[in-house]
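In: Kindly return the folded structure for what I paste below:
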Amino acid sequence: MTRQHKKKKDTLPKGMPEGAIVADLSKQVPNNSYDPPPLWYVDKDFVCIECGERETWTAAQQKWYYEEVKGTLYAIARRCHSCRIKIRRAKSIQREQMAASKKADRKH
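Out: Reported below is the predicted structural model:
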């Protein structure tokens, strides 16, 4: 075993499950809680609150949400991908309708 390989293995958090992705604590939002921030991300199964479908919130998706988007560490996936898309479309249509309504009001 080379020194580099051994060194990298030693830097993994103790007790990390196989297949988990290491968390970068410096990229997470501040955690003002007694609960420690996650040291790794693992796939989490959930049932969509809209349609009842089972889906998996992958470790990679969690890493993106918590570290890139800076989502709160208390948030969890609640809706499946297709339901999230439906909600986005509905909100987009509503914004377009509101903009058209404001435009029509200005003409009168």
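In: Could you use CA atoms for every contact and neighbour count after this?
Out: Fine.
In: Number of residues surrounding residue 21?
Out: 19 (other CA atoms under 10 Å).
In: What values do phi and psi take at it?
Out: Dihedral pair for residue 21: phi -110, psi 130, per degrees, to the nearest 10.
In: That one contacts residue 58, correct?
Out: No: judged on CA atoms under 8 Å, residue 21 makes no contact with residue 58 at a distance of 9.9 Å.
In: list residues touching both of these two?
Out: In terms of CA atoms under 8 Å, 6 or more residues apart in numbering, residue 21 and residue 58 are both contacted by the residues residue 42.
In: Enumerate every residue touching the spatially most central residue of the chain.
Out: When CA atoms, centre = their mean is applied to the chain, the residue found nearest the centroid is residue 65 (3.2 Å). Contacts for residue 65 (CA under 8 Å, 6+ apart) come out as residue 71.
In: can you check residue 38 too?
Out: residue 23.
In: Tell me which helix or strand it sits in.
Out: Under DSSP states H and E, no helix or strand contains residue 38.
In: what does residue 36 give?
Out: Here residue 36 is assigned to no helix or strand, by DSSP H and E.
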